[in-house]
Each structure stands twice: as C-alpha cells, then as structure tokens.
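A.B. asks: turn this into a structure:
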Amino acid sequence: MGTIRKKDGSILNKEMRDQKEIRIKNTLNLIKNKILVMSGKGGVGKSSIAAYLAVSLAALGHKVGLMDVDLHGPSIPRMLGLSSKIKPEIAAGKMLPIRHSANLHVISIESLMGDDKDTATIWRGPLKIGVIKQFIGDIEWGNMDYMIIDSPPGTGDEPLTVGQTIPDAKALIVTTPQEISLADVRKSINFCREINMEILGLVENMSGLICPYCGKRIEVFKVAGGARTAKNKNLRLLASLPLEPEIVKSCDQGNLEILDHEDNLFVMEFNKMVQKIVQLTSEKTG
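C.D. replies: Numbers count the residues shown, from 1 in each chain. Take a look at the predicted model:
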C-alpha cells in the first residue's frame, strides 16, 4: 500500500488507516442504536442524563455501552461510583470497557489516567479525534442494543467527530428552561441539521422545583421554554424533568439507587422518557 506524507513531513501509512476504519465499522455494526447526548452549554445536567439513561436502559435488560467523550471534563465514572483504581483490561489485543453491571459497560478517559482526578487534559483537536476513534474501534464492545455517548457542551471537535464517525448516531439534546441555555440549544439543533444527524428530541432538565415543605412548584427558571423551542423547531419534547435535590446528592455520591424510587417525581418523568426512547429506537430497528 502507498503512504501519505503530511505537511509536517511525517508519514501516515494508508494501510494502517484503512484497517482502523475497518475496525470502527465492524464495531459499529454490532451496536443497534447510538445516542449522542449533547447540550448547547454546560451545567444543564447533560452527563447526569447520559448516565441515568444508560443505567435505566440496562435495568430494562438492554445491553448498553456508555462512552464518555467529554475528554476535558469527564465525570461519568464518578457518577456511576466507579473507583479510579478500576482500569480497563486487555484481552486478545483489545481493551475491554469497564463493567458497571451485567448489562452496562463504560469507557472514559478518566479511567485511563492516573489516580489524580484533578489532572487537566490539555489536548488539541487532532489528538481528541484520535482518542474518540480509539474508543470506538480499539475497544471490544461486542453486541450492544444501545451506545450512549456523553459529549462535552457545544458543537466542537467531539460531537463533530462522533457525527462523522458514527453516521447513524441520533442526538438527545439537553437544556434548561433558561433562555441563555435555550439560545445555545438552538445552535446545537442547527449543528445536527448541518451534519444530517437525526434528533431524537429535547430534554428540558431542571424544569421547576417541588418545595419539600409545602409541596408547591417553584419555577427556578422560565416556564416551558423547552416546549416552546421544541415546537418552534418541529422537534419532540421527550421530557420536562424537575430539579430534584436528592437526585443531585445521589449523583455526587456515585449512587444511583434513587432511580429505583418509582414514587419520585423526577424518576417517574424520567422513566416515561426512557420508554419513549425505547419505542422510537425500536420503530427504527424493528
């Protein structure tokens, strides 16, 4: 095979590049549904939604992979209570994702680095692109019903790489009712449409707070901003999830057992969303 010489004078072997693309394609062929969880801005609970979704789908009996491509701010391992001492194993020349449960396996850059969780990841675009492709092609995911991909906020290298590398990925866009969040979400919507990525729908997170003392609803941000944006952009609003302090506390502790509390308002609304997603993806693959 021939070689390609880059501008800096280094040589990239075309055969090696072709083999890498083949590995990526073979991996993706074994995964039925790929869902990219993204947001226009940070602080809207995107990673939490990705973690909850993966755990919930696995609890329903689906084989799920959770891939954390938020390379500068990985948080998935801590949300799932995975110790930094747990590292991916190697088998037959391929890395195995970390087992969270029988049906859920996870990979994150945090699990590949040292024990110091405060270490900064200082990488430029090409290196980030390479790592994401390795997460797909060089890891033994096996047969999966769902691959949930947690992307950093915005429309930069990471979501673009996912969109270009996984052409059948579908976007789940998380926002809050706050206008500054909705403005950035509209950019995320336009981004998906520019690269021809199907949008499963919007999730409005932190949609009001139920007072633990009087039981009344407190509108922390605007009211129904996600619903209006979804309607204006001709998209589904998959859920309006209330702000739930116990959920936040449990997530910080790496304990998601609260998701089993079916009488919790957040859990009730979230489970409805999960069922909608299962139905939508089953319609596509069934």
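A.B. asks: could you pull out the strands in this structure for me?
C.D. replies: For the chain, the strands defined by DSSP state E occupy 3-5, 11-13, 31-39, 64-68, 90-91, 94-95, 98-101, 104-108, 144-150, 170-175, 198-204, 209-210, 217-218, 237-240.
A.B. asks: distance of the residue lying closest to residue 82 once chain neighbours are set aside from residue 105?
C.D. replies: Leaving aside its sequence neighbours, residue 82 sits nearest to residue 98 (Cβ to Cβ, 6 or more residues apart in numbering; 6.1 Å). Yep, even glycine has a C-beta here, placed from its N, CA and C like the rest. Per Cβ to Cβ, to the nearest Å, residue 98 is found 7 Å from residue 105.
A.B. asks: those two: who's more crowded?
C.D. replies: Legend: neighbour count by other Cβ atoms under 10 Å for residue 98 and residue 105, higher for residue 105 (24 against 20).
A.B. asks: what's the closest non-adjacent residue to that one?
C.D. replies: Counting by Cβ to Cβ, 6+ apart, residue 97 is the residue found nearest to residue 105 once chain neighbours are left out, at 3.9 Å.
A.B. asks: now that neighbour. Its backbone dihedrals?
C.D. replies: The phi/psi pair for residue 97 (degrees, to the nearest 10) reads phi -70, psi 160.
A.B. asks: that one: neighbour count?
C.D. replies: So residue 97, with other Cβ under 10 Å, has 22 neighbours.
A.B. asks: check the offset of stretch 85-101 from the chain's centre.
C.D. replies: 19 Å (Cα atoms, centre = their mean, to the nearest Å).
A.B. asks: now do the same for it: mean pLDDT, whole number.
C.D. replies: The average pLDDT within stretch 85-101 is 88.
A.B. asks: kindly report the same for stretch 221-236.
C.D. replies: Stretch 221-236 carries an average pLDDT of 86.
A.B. asks: report the buried residues of it.
C.D. replies: Buried residues in stretch 221-236, defined by neighbour count with 16 or more other Cβ atoms under 10 Å: 221, 224-226, 229-230, 235.
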